[in-house]
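Chemist: sequence below, structure please.
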Amino acid sequence: MFSWRTGRRLLIGCAAFITLICIVYLVENIHGKRTWEKFRAKMIAAGEPLDPKELLPDPVPDDQNFAMTPLLDYEYHEREAEDRSSLGSAIWEMQEAVWKDPEAKKRLDDIYGIGKPASATLSDRHKRLLTDLVGWQTHVRTDTNFHLASRVSSQEINTNSAAQDVLIALSIYDPDMNELHEAAKRPHAQFPIHEEEGFSCLLSHLQVLRKFSRISQLKAAALLAEDRSEDALKEVLLIMRFTESFRDEPILISGLVHNAMIQLIGGLVWEGNVRGKWTPAQLATIEERLRPIGFIRDFRKHVRGERAIALTTLWRYQNTPGVLAAADHTFNLPTIILNLGPSGWFYQNLAHLGRMYDEFLLAPVDFENGVVDIAGMDRTEERFIDEHRMEFHPYKVLANVMFPAIAKAARKYAQGQCEVDQIRLVCAIEQYRAKQGNPPTALSELKPQFLPDIPHDPVTGDDYIYRTEGDDYVIYSLGSNGTDDGGEIVWQGKSTKRLNREEGDWVWNSTVAKE
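Modeler: Residues are numbered from 1 along each chain as shown. Now for the predicted structure:
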């Protein structure tokens, strides 16, 4: 067993095994690199950007930039890096947003926000409930952050209307809101995005703008109740300006936040109409401002940007790609394979992930006609699970880590487009009603006087379903299931806290729920 002959055989066997491993590595490296170069050449030939810089808008002058107002003006600074590698061989280089004006940052930090009290709700057009201003009145009277008692006498608090008390409480935000209203007059908006940071890039402005949009939402509801629709319109337009300031950012999260803030606008338009407060001119202004929004069109741009950022992230960690697969700080098979395997596997992952954005996100969308094939999206999602979850493949390791979280994004964009379309239609219907005394019998009657075009259902490509009953009406899309459920809204579970967007229709009802 321990003879020289046996030793030589073992040495020869080891040398042959090492040679075989080297050949495998060489072949995989060559094959992987060629696969990536072929994919890259195809993308370039098709005009598809692989560098997120290609999708960013041109710089604008600071004095014309909404984002340069002190409350929003920040830049990126490096901070201490964080070790995220299970093998201890790589770090995530971290950035933090630093406001250029420390006093403005202090003002932001001091802003409490309106909060989310259980006893005080904002308007919910899906439940057909107006803003509970009495509940908000109780909240601002008892919450010391609003200091309501220090600004009005006890007698005034007890005798004022709920809307007046809410407006008095919200006046603590006036200096900041006035600054944003003034900045909103600037013609351009562009926030700093360090696209070279990949998924580590920060979008701090989204959180700030969402906080201010909720303040505007509550203020507008109180103003509508006080018959101050022109002032309420200013708050609605400010929320719109917030969304316009980041709508062109080629990132999916920006599109999803845009979607959420459009829902706020829809609620305010519904509430103003139910209260009979919006004038035809105000409704025309809202409709015109919403007209350029195309969520389906933006989806393609955002997916392209998301792909470019994903590839940028991979390039950033190309020497230690396993760090991307080890977010839980533990040893796992993908981490070991990507750190110790052939570099060609990294290139294979790069090409595979790049192809997936077309195959799984863009393929089910008809961008020419503005239609999302949700059933097709569901089928591709099932295929993705079959291909990437049921079996392990070294070429698809990073797809499991970086892609699944955005698999249902197209559905969200279809919902956003439906919301925009329904707001526009309702603005036109109410203008028609103001002139004719009743709503139209068909949506086609709105064109061309009240609408230059009649939007269609982004799920089916057909007209929205529209029904009238006296002075009331309902508009709805067939929703995710593509079937006509008679304008029924479905909730998740037994409560009505959250919509079930997978079932039922996507509905706009012109009436308030009966008590």
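Chemist: for residue 491, give its distance to residue 102.
Modeler: Shown here: residue 491 relative to residue 102, a distance of 46 Å by C-beta to C-beta, to the nearest Å. Every C-beta, even on glycine, is put in place using the N, C-alpha and C of the backbone.
Chemist: who's more crowded, the two?
Modeler: Legend: neighbour count by other C-beta atoms under 10 Å for residue 491 and residue 102, higher for residue 491 (15 against 10).
Chemist: could you tell me the end-to-end distance of stretch 497-512?
Modeler: 17 Å (C-alpha to C-alpha, to the nearest Å).
Chemist: what number of residues lie near residue 482?
Modeler: Neighbours of residue 482 (other C-beta under 10 Å): 13.
Chemist: tell me the pLDDT at the residue nearest to residue 48 when sequence neighbours are not counted?
Modeler: Of all residues not flanking residue 48 in the chain, residue 304 sits nearest, at 6.4 Å (C-beta to C-beta, 6 or more residues apart in numbering). Looking at residue 304, its pLDDT reads 90.
Chemist: the one 5 residues further on too?
Modeler: Reported pLDDT at residue 309 in the predicted model: 85.
Chemist: tell me which helix or strand it sits in.
Modeler: Assigned by DSSP states H and E, residue 309 belongs to helix 295-316.
Chemist: mind listing what's buried along that helix?
Modeler: 295-296, 298-299, 301-316 (16 or more other C-beta atoms under 10 Å).
Chemist: contacts for stretch 252-261, please.
Modeler: With C-beta atoms under 8 Å, 6 or more residues apart in numbering as the test, stretch 252-261 has contacts from 203, 206, 209-210, 213, 239, 242-243, 246-247, 295, 298-299, 302-303, 305-306, 406, 409, 412-413, 415-416, 419.
Chemist: over to stretch 418-431?
Modeler: Counting by C-beta under 8 Å, 6+ apart, residues outside stretch 418-431 touching it are 259, 262-263, 265-266, 269-270, 273, 278, 280, 283-284, 286-287, 290-291, 293, 295, 439-440, 443, 446, 450-451, 454-459, 464, 466, 473, 475, 477, 506, 508, 510.
Chemist: helix or strand next in line after the helix or strand of the chain with the lowest mean pLDDT, which one?
Modeler: Counting by mean pLDDT, DSSP states H and E, the chain has its least confident helix or strand at helix 154-159, which shows a mean of 50. Per DSSP H and E, the first helix or strand lying C-terminal to helix 154-159 is helix 162-170.
Chemist: helices or strands up against the helix or strand that that next one is followed by?
Modeler: Using DSSP H and E, the next helix or strand after helix 162-170 towards the C-terminus is helix 174-183. On a contact count with 3 or more C-beta pairs under 8 Å, 6 or more residues apart in numbering; DSSP states H and E, helix 174-183 meets helix 204-225, helix 229-246.
Chemist: any regions of the stretch 201-350 of the chain where pLDDT drops low?
Modeler: Residue ranges of the stretch 201-350 of the chain with pLDDT under 70: 201-202, 319-338.
Chemist: ok, 90 please
Modeler: Low-confidence segments of the stretch 201-350 of the chain (pLDDT under 90): 201-204, 207, 247-253, 305-350.
Chemist: do the same with the stretch 51-200 of the chain
Modeler: 51-59, 74-100, 104-124, 138-161, 169, 172, 191-200.
Chemist: can we see that at 50?
Modeler: Low-confidence segments of the stretch 51-200 of the chain (pLDDT under 50): 84-92, 154-155.
Chemist: which parts of it are strands?
Modeler: Along the stretch 51-200 of the chain, the stretches classed as strands by DSSP state E, counting those that start in this stretch are 74-83, 91-99.
Chemist: tell me how far the closest residue in space to residue 145 that isn't next to it in sequence lies from residue 73.
Modeler: In space, and not counting its chain neighbours, residue 145 is closest to residue 112: 4.2 Å by C-beta to C-beta, 6+ apart. Distance, residue 112 to residue 73, using C-beta to C-beta: 22 Å.
Chemist: for residue 278, helix, strand, or coil?
Modeler: coil (DSSP: H, G, I helix; E, B strand; the rest coil).
Chemist: quick check on it: phi, psi?
Modeler: Main-chain dihedrals, residue 278, degrees, to the nearest 10: phi -70, psi 140.
Chemist: burial of it, as a residue count?
Modeler: The burial count for residue 278: 27, using other C-beta under 10 Å.
Chemist: and residue 417, by the same measure?
Modeler: Residue 417, neighbours per other C-beta under 10 Å, totals 28.
Chemist: can I assume it sits in a helix?
Modeler: Yes - assignment of residue 417 by three-state DSSP places it within a helix.
Chemist: let me know the pLDDT of it.
Modeler: 96.
Chemist: which residues in the stretch 1-150 of the chain form helices?
Modeler: Ranges of helices in the stretch 1-150 of the chain, per DSSP state H, counting those that start in this stretch, are 4-45, 102-110, 133-142, 148-151.
Chemist: can I get these in a markdown table with distance to residue 344?
Modeler: Shown next, in a markdown table, are the helices of the stretch 1-150 of the chain (distance: least, C-beta to C-beta, whole Å):
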| stretch | distance to residue 344 |
| --- | --- |
| helix 4-45 | 3 |
| helix 102-110 | 47 |
| helix 133-142 | 60 |
| helix 148-151 | 66 |
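Chemist: for residue 349, find the nearest of these.
Modeler: helix 4-45 (8.6 Å; C-beta to C-beta).
Chemist: against which helices or strands is the closest one packed?
Modeler: So helix 4-45, by 3+ C-beta pairs under 8 Å, 6+ apart, packs with helix 343-356.
Chemist: now do the helix it packs on: everything it contacts.
Modeler: 25, 27-33, 35-36, 38-39, 43, 50, 307, 310-311, 314-315, 318, 321, 337-338, 384, 394-399, 402-403.
Chemist: how distant is that helix from the center of its chain?
Modeler: Chain-centre distance of helix 343-356: 27 Å, with C-alpha atoms, centre = their mean, to the nearest Å.
Chemist: so that helix versus helix 295-316, what angle?
Modeler: In terms of direction (axes from the mean of the first three to the mean of the last three C-alpha atoms, to 10 degrees), helix 343-356 departs from helix 295-316 by 170 degrees.
Chemist: show the secondary-structure elements that the helix or strand just after helix 343-356 is packed against.
Modeler: The helix or strand immediately downstream of helix 343-356 is strand 365-366, counting by DSSP H and E. Counting contacts by 3+ C-beta pairs under 8 Å, 6+ apart, strand 365-366 packs against helix 295-316, strand 371-372.
Chemist: coming back round to it: got TSV for the helices and strands packed on helix 174-183, with mean neighbour count and distance to residue 365 too?
Modeler: Putting the helices and strands packed on helix 174-183 into TSV (neighbours: other C-beta atoms under 10 Å; distance: least, C-beta to C-beta, whole Å) gives the following:
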stretch	mean neighbour count	distance to residue 365
helix 204-225	22	24
helix 229-246	21	21
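Chemist: dump these into CSV; add distance to residue 252 as well.
Modeler: Formatted as CSV, the helices and strands packed on helix 174-183 follow (distance: least, C-beta to C-beta, whole Å):
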stretch, distance to residue 252
helix 204-225, 12
helix 229-246, 12
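Chemist: quick one: the residue nearest to residue 145 from residue 220, how far?
Modeler: 19 Å.
Chemist: go on, residue 448?
Modeler: 30 Å.
Chemist: again with residue 74
Modeler: Taking C-beta to C-beta, one finds residue 74 at 27 Å from residue 220.
Chemist: which residues touch the residue lying closest to residue 128 once chain neighbours are set aside?
Modeler: Distances taken as C-beta to C-beta, 6+ apart put residue 513 closest to residue 128, at 3.9 Å, once the chain neighbours are dropped. With contacts defined as C-beta under 8 Å, 6+ apart, the neighbours of residue 513 are 127-129.
Chemist: is residue 513 in a helix, a strand, or coil?
Modeler: Residue 513 ends up coil, using three-state DSSP.
Chemist: separation between the residue nearest to residue 145 and residue 429?
Modeler: Following C-beta to C-beta, the distance that separates residue 112 from residue 429 is 38 Å.
Chemist: just residue 356 next, same as before
Modeler: In terms of C-beta to C-beta, residue 356 sits 42 Å off from residue 429.
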